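J.: Sequence unavailable; structure follows:
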DNA sequence: TTGTACGCGTTATCAT
DNA sequence: ATGATAACGCGTACAA
């Protein structure tokens, strides 16, 4: 059977409270007693029972990060950054994959393992503005991404539209004026697709150009395969283009693969830019220009906010006004848009 | 305050036991009472308190997966596969990153959040054969990877040496006989590096060739940057080579990047093969030949074994003999080794 | 089929 | 500086 505080207390000849004091670094413990207790702990191989501690404390020290898919480099890097940020607060991160499944997103939010984590960092993909009521939960929640705005929760986003304007302007400045957009979600207004596409259009408008709609290519799931397929079609349909703005790096990688495979030179024939600045972008052939959306910043800020909310929640305070924070972004120029 | 079973019981006009019965799908509950209880649960928004349940049950339903780094595509894909496999058993996966830090690996194994998870799936990188005593833990443990053999735990591995033989033979069959090895760990015997290098050497020996030692390149951390750097050096030192076996795909991606960047044609001038069959391997330029080590199989099997051990542990049985299972692998031919 | 009462291992509130 | 004791919320003998 597992060894408990009582066992330790008995062996050390003290009360459980004293053992608890030692374990929790309560300052007013005589050195000699502390030594006795530590000795007993060592002898018995005692480990705190987290379940009991959690029950008593009413919190678990766990923070949940819910993302669509870890296989997507962006989310793997986000998870990495969140874990690092949470560590500073001595908190463990529980990762949930929602697999772009609405059911699962709802489950994370509601049923899920309630009371298992103290707070949730949620990056929804399927739930949208119309589901805003769902985000009314009674535990600390911080939203990531651009699917939902105005929910009763803190929200950390990136400057999608502004960054997309910069990316598009970068291509335009290269003298490209038939820039294909890869990754559009028709009819979407909020959401990364909608917001980034808006930037693409805005940059064109500001340059006095009209967008040729047959250059705007729909891709549902932003995976490499989608980018590759969109490019194949673009080529097959003999639509002329001299630039491609892929709405994320995964698709851009697929785009590059197809272009180079088809003997189209990048950037000479077609300049390509992505979005995310995933590590892989440095190692594509040619290396990929992209937008660094401030991932580290986002992770750090989101964890800061969440931890603050958790403390607030545990203290029984009523919530301070919700905040919406936007990460600073940066254009990263590499070979795929060199001149 | 959070709503408890007592609140539900009171509202439904039954005892807590009945509420508990309903919540846990105990079959012998009258339909009418069940309905009353469910109704009350709904009205109050009651959620089971996991901490209390865990304490009472003596288990948490959590399984921990400890990997070096999620940013490495291989581990992200492993995590994905493990989460999927665990789901079949209704178990949640807690991911710990050890960042190739020995301290952290020990912490996961020992201090860590004992009693927070029911079992551990551990892929060590720094701990090795000399630390085998450390693996003597009193909770269910399944080892992944090739750092430690003969520990008192189930172990799921891949056929490193055999697969490396196949990869090397594949290059040799192309007529390449100056094959550089990227990712060596000098002096390592077990461990992915040692085992795969052994396969490389074995294939050469079987073909009656001797390995030119200046083709064997050391890379500590198997990241893209390491592969790129090794390739740069190989070129700078003017060492002739017509093939490269990178010991994982991340390095192979770095290798490809440097080769193509230096104007060396792949596969015409230099054929390249990797190891892991990460999704990215399909999208490099040219696409990367590699070894599919049976990741899904590994994840599934590891979870099966772990869950079995957990059940055994909870039942208080003494452990059945430990098993060592080896996943089936497969050579994946792509453009980087086409002829 | 349902209710009562106790214990899981901690931490918190008092005392002393 | 330390000890006795009562919660925390749930599951489960045992009883009814």
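T.: In hand now; what should we look at? These numbers were taken from a predicted model, which means no experiment stands behind them. Numbers count the residues shown, from 1 in each chain, chains lettered A, B, ... in the order given.
J.: Where does the closest residue to residue A:198 other than its chain neighbours sit, in terms of helix or strand?
T.: Leaving aside its chain neighbours, residue A:198 sits nearest to residue A:161 (5.0 Å; criterion: CB to CB, 6 or more residues apart in numbering or on different chains). Any C-beta I mention is one placed from the backbone N, CA and C, and that applies to glycine too. Element membership of residue A:161 [criterion: DSSP states H and E] is helix A:160-173.
J.: Okay, strands next: where are they in the stretch 1-150 of chain A?
T.: A:62-67, A:92-97, A:119-122, A:141-144 (DSSP state E, counting those that start in this stretch).
J.: ugh, typo on my part, it should be the stretch 151-300 of chain A
T.: So, for the stretch 151-300 of chain A - with DSSP E, counting those that start in this stretch - the strands run A:154-158, A:179-184, A:216-218, A:243-246, A:271-273, A:290-292.
J.: Now mean pLDDT, mean neighbour count and distance to residue B:176 too, for the ones you listed, in CSV please.
T.: Shown next, in CSV, are those (pLDDT from 0 to 100; neighbours: other CB atoms under 10 Å in any protein chain shown; distance: least, CB to CB, whole Å):
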stretch, mean pLDDT, mean neighbour count, distance to residue B:176
strand A:154-158, 97, 24, 46
strand A:179-184, 98, 26, 37
strand A:216-218, 98, 18, 40
strand A:243-246, 98, 30, 35
strand A:271-273, 98, 28, 32
strand A:290-292, 98, 26, 35
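J.: Kindly reformat those strands as JSON lines containing distance to chain B.
T.: As requested, these are exported to JSON lines (distance: least, CB to the nearest CB, whole Å):
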{"stretch": "strand A:154-158", "distance to chain B": "19"}
{"stretch": "strand A:179-184", "distance to chain B": "14"}
{"stretch": "strand A:216-218", "distance to chain B": "18"}
{"stretch": "strand A:243-246", "distance to chain B": "12"}
{"stretch": "strand A:271-273", "distance to chain B": "12"}
{"stretch": "strand A:290-292", "distance to chain B": "15"}
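J.: returning to that earlier point: is it true that the residue nearest to residue A:198 touches residue A:203?
T.: No. Residue A:161 is beyond contact range of residue A:203, at 9.8 Å (criterion: CB atoms under 8 Å).
J.: higher neighbour count, these two?
T.: Remark: of residue A:161 and residue A:203, residue A:203 carries more neighbours, 23 against 19, as counted by other CB atoms under 10 Å in any protein chain shown.
J.: Without its sequence neighbours, what residue ends up closest to the more buried one?
T.: residue A:168 is the one closest to residue A:203 (CB to CB, 6+ apart), at 3.6 Å.
J.: Just to check, that neighbour is in contact with residue A:204?
T.: Yes. Counting by CB under 8 Å, residue A:168 sits close enough to residue A:204 to count as a contact (6.9 Å).
J.: Of these two, which one has the most company?
T.: Using other CB under 10 Å, the more surrounded residue of residue A:168 and residue A:204 is residue A:168, with 27 against 20.
J.: Who are the contact partners of the more buried one?
T.: A:179, A:199, A:200, A:203, A:204, A:245 (CB atoms under 8 Å, 6 or more residues apart in numbering or on different chains).
J.: list the contacts for the fourth one?
T.: Put plainly, it is residue A:203. A:164, A:165, A:166, A:168, A:169, A:172.
J.: Please apply the same query to the third one.
T.: The neighbours of residue A:200, taking CB under 8 Å, 6+ apart as the test, are A:164, A:165, A:167, A:168, A:179, A:181, A:211, A:245.
J.: Would you point out the most distant pair within these?
T.: A:167 and A:211 (14.5 Å; CB to CB).
J.: out of those two, which sits in the busier spot?
T.: Neighbours per residue, other CB under 10 Å: of residue A:167 and residue A:211, the larger number sits with residue A:167, 28 against 17.
J.: pretty sure the more buried one contacts residue A:181?
T.: No. Checked against CB under 8 Å, the pair residue A:167 and residue A:181 is beyond contact range at 10.4 Å.
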